[in-house]
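Peer 1: predicted model and sequence follow; I will ask about them next.
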Amino acid sequence: MTSAMTPSLTAPLIDPFARAITYLRVSVTDRCDFRCVYCMSEHMTFLPKKELLTLEELDRLCTAFIDMGVEKLRITGGEPLVRRDIITFFQAMSRHLDSGALKELTLTTNGSQLEKYAEALYATGVRRVNVSLDTLDAEKFARVTRWGRLPQVLRGIDAAQRAGLRVKINAVALKGFNEEELSAITSWCAERDLDLTWIEVMPMGEDIDPANRIGQYWSLKDVRQAYEDHYTVTDLAERSGGPARYVRLEESGQKIGFITPLSHNFCESCNRVRVTCTGEIYTCLGQEGSADLRAPLRASSDGEGLLKAAIRAAIGDKPKGHDFDYSRQEVGGQMSRHMSHTGG
Ligand code: SAM
Ligand code: SF4
């Protein structure tokens, strides 16, 4: 029986700082067909398959969160579309869209498999997709992704748009790499009716040299300044409950997003948590602390009581914010794990 002091299993998830948790990002694999230089080392050791949650376990996990008030589900990785049979998982999740419990089912992808899966994704109720793309130059693309090929990704973006998916391009701002492409990428997005968001590079992955990382860091304050050299830039009040801030370029009418974990703190409005492909929950991308959901998931049965209690306990420990800081020309708050582990 539920006492007056104990929230029912399905009560909304509210963290200690009164933030309602309505957005779940789930990494369905740590594997990827690319090796982006800021994300992975060239020779990664991936988890043995038996460590991963099965698709059925991922379904139970996401369903438990949806029961507890999660309304937006983003599937990520690693590269989510390289997970075998992933479309069956999207198909299963579409029942929560049909019931109205889930408002949005979406994914972040490198685009390499979109040509193959765009139509199937649309059929499961996905309407928007984030595609990561840092450069429009094929040679630079091969350099930054190590294993990626630009034409394949461009075909994927075309296929997504043909299928009816709204595409947002996420570009990591990298000093000395895509600085001079700001205008080209922006006009390319305008011509193709693609949304565009810039992301600051974050200190993830202990095997990525910190000195190199600072070299890569191109503050979005400077990106914004670069826009001001070419456009009239108007700040927009709009927030998506997440870290992105938006501006409008008056000349093109484009809305551009900035995700600035380093030059601007966004934690006060954080509504999200992340779960890895092994069932660890990270309640803050920028803190090391995590809790295991796989054991309670595997021990739960009817009603998922143990799993839901473990989710609630983890949210009860959600930190106030992250500690990333480059302001003293050294990497503060460096995280040992890779972005592909928690899913970006
Ligand atoms: N493979 C998919 C993709 O690339 O879109 C999904 C996973 S990837 C880890 C998600 C996002 O994290 C990508 O947009 C990628 O550019 C970003 N990312 C990876 N490492 C990063 C880092 N160190 N700093 C900032 N963004 C990073
Ligand atoms: Fe793969 Fe995405 Fe990481 Fe690039 S950013 S290596 S595509 S997981």
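Peer 2: The structure has been received and is ready for your questions. Ligands and ions are numbered 1, 2, ... in the order given.
Peer 1: from residue 164, how far off is residue 97?
Peer 2: Residue 97 sits 15 Å away from residue 164, going by CB to CB, to the nearest Å. To be clear about C-beta, it is placed using only N, CA and C from the backbone, and glycine gets the same treatment.
Peer 1: which of the two has more residues huddled nearby?
Peer 2: The neighbour comparison of residue 97 against residue 164 (other CB atoms under 10 Å) goes to residue 97, with 17 against 13.
Peer 1: next, the contact list for the residue nearest to the more buried one when sequence neighbours are not counted, please.
Peer 2: Spatial nearest neighbour of residue 97, excluding adjacent residues (CB to CB, 6 or more residues apart in numbering): residue 125 at 4.2 Å. Each residue near residue 125 by CB atoms under 8 Å, 6 or more residues apart in numbering is listed here: 90, 93-94, 97-98, 105.
Peer 1: can you do 6 Å?
Peer 2: Neighbouring residues of residue 125 by CB atoms under 6 Å, 6 or more residues apart in numbering: 94, 97, 105.
Peer 1: quick check: residues of the stretch 101-250 of the chain near ligand 1?
Peer 2: Residues of the stretch 101-250 of the chain that fall close to ligand 1, judged by CB under 6 Å from any ligand atom: 108-110, 132, 170, 172, 199, 201-202, 204.
Peer 1: who wins on neighbours among those residues?
Peer 2: Counting by other CB under 10 Å, top hit in these: residue 110 with 27 neighbours.
Peer 1: which SS class is the closest residue to residue 187 other than its chain neighbours?
Peer 2: Leaving aside its chain neighbours, residue 187 sits nearest to residue 252 (7.5 Å; criterion: CB to CB, 6+ apart). At residue 252 the chain is in coil, as set by DSSP: H, G, I helix; E, B strand; the rest coil.
Peer 1: now do residue 252, the pLDDT please.
Peer 2: pLDDT, residue 252: 93.
Peer 1: repeat that for residue 209.
Peer 2: Note on residue 209: pLDDT of 51.
Peer 1: now residue 307. Its backbone dihedrals?
Peer 2: phi -60, psi -50 (degrees, to the nearest 10).
Peer 1: what do you get for the one 3 residues further on?
Peer 2: With angles defined as degrees, to the nearest 10, residue 310 sits at phi -70, psi -40.
Peer 1: my guess is it contacts residue 296. True?
Peer 2: Yes - applying CB atoms under 6 Å as the test, residue 310 and residue 296 come out as touching, 4.0 Å apart.
Peer 1: would you map the strands across the stretch 201-344 of the chain?
Peer 2: Applying DSSP state E, counting those that start in this stretch to the stretch 201-344 of the chain gives strands spanning 233-239, 244-249, 254-259, 272-275, 280-282, 291-292.
Peer 1: the longest one packs against which elements?
Peer 2: Packing partners of strand 233-239 (3 or more CB pairs under 6 Å, 6 or more residues apart in numbering; DSSP states H and E): strand 244-249.
Peer 1: what helices or strands is the strand it packs on leaning on?
Peer 2: Contact analysis of strand 244-249 by 3+ CB pairs under 6 Å, 6+ apart lists strand 233-239, strand 254-259 as its packing neighbours.
Peer 1: which of those sits closest to residue 41?
Peer 2: Residue 41 lies closest, by CB to CB, to one member of those: strand 254-259, at 23.5 Å.
Peer 1: buried residues, that closest one. List them.
Peer 2: Residues of strand 254-259 classed as buried: 254, 256-259 (neighbour count, 16 or more other CB atoms under 10 Å).
Peer 1: just stretch 81-88 next, same as before
Peer 2: Buried-residue list, stretch 81-88, by 16+ other CB under 10 Å: 81-83, 86-87.
Peer 1: follow-up on the earlier one: between the helices and strands packed on strand 244-249, which one is nearest to residue 40?
Peer 2: strand 254-259 (19.7 Å).
Peer 1: tell me the angle that closest one makes with strand 244-249.
Peer 2: Here strand 254-259 runs at an angle of 150 degrees relative to strand 244-249 (axes from the mean of the first three to the mean of the last three CA atoms, to 10 degrees).
Peer 1: any chance you could map the helices in the stretch 151-300 of the chain?
Peer 2: For the stretch 151-300 of the chain, helices defined by DSSP state H, counting those that start in this stretch occupy the ranges 182-192, 210-216, 220-230, 294-299.
Peer 1: residue numbers of the stretch 101-250 of the chain in contact with ligand 2?
Peer 2: So the stretch 101-250 of the chain meets ligand 2 at 110, 132 (CB under 6 Å from any ligand atom).
Peer 1: any low-confidence regions in the stretch 101-250 of the chain?
Peer 2: Counting by pLDDT under 70, the stretch 101-250 of the chain has low-confidence residues at 203-215, 240-242.
Peer 1: quick one, phi/psi of the residue in it that ligand 2 sits nearest to?
Peer 2: Closest residue of the stretch 101-250 of the chain to ligand 2, CB to the nearest ligand atom: residue 110 (3.5 Å). According to degrees, to the nearest 10, the main-chain angles of residue 110 amount to phi -80, psi 0.
Peer 1: wait, it touches residue 80, no?
Peer 2: No - at 9.4 Å, residue 110 and residue 80 do not qualify as touching, with contact defined as CB under 6 Å.
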